[in-house]
Structures are given as structure tokens and as C-alpha cells.
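Visitor: This is the structure alone, sequence omitted:
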Ligand SMILES: [Zn+2]
């Protein structure tokens, strides 16, 4: 997988490149990727720029519990 993550809207599958995300940073990077790809899945018609904006906004508002929930999605 080249990217940090990708989304297959047909299969409803989000893949996160944990190795790559971990390498370049920390859990925050992984979290950002999860939210980003989740936003793609929820709003497949939004472009990359809008998805980045939404992700930044959502990440700021996220509680610790919610963040933990996202981490738990990683298998
Ligand atoms: Zn994207």
C-alpha cells in the first residue's frame, strides 16, 4: 500500500497503512488517517481538500474516548 490509507466505497472497506503511519509519526498520524478515510467512506463525492478540512475539524473535537474507539478499529 503506497498511501497512508485508502477507501473502497464499493466494498465499504477502509484500509489503514499502520506501518507507514507509525513510521512517520505517532498514533496521531494513524488517527488522522482513520478519520480521513472514514470521511471518504461517508462522503464519497467530496474531494481531497474538503476531506482534509473536515478531518482537521473532526479531530479537534474528538474526545479521548472516541479516539480510543478509532484506535480499536485497527486490526
Ligand atoms: Zn483522501
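Guide: Nice, thanks for sending it over. Keep in mind that this is a model prediction, so the values were computed, not measured.
Visitor: Can you show me the helices along the chain?
Guide: For the chain, applying DSSP state H gives helices covering 18-24, 27-42, 48-61, 64-72.
Visitor: Let me know which of those helices is the nearest to residue 5.
Guide: With Cβ to Cβ as the measure, helix 27-42 is the member of these nearest residue 5 (4.4 Å). Yep, even glycine has a C-beta here, placed from its N, CA and C like the rest.
Visitor: Show me which residues of the closest one are buried.
Guide: 29, 30, 31, 32, 33, 34, 35, 36, 37, 38, 39, 40 (16 or more other Cβ atoms under 10 Å).
Visitor: Stretch 7-16 now?
Guide: Buried residues in stretch 7-16 (16+ other Cβ under 10 Å): 7, 14, 16.
Visitor: got these as TSV, with pLDDT and distance to residue 68 columns?
Guide: Output for those, formatted as TSV (pLDDT from 0 to 100; distance: Cβ to Cβ, whole Å):
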residue	pLDDT	distance to residue 68
7	79	22
14	79	18
16	76	16
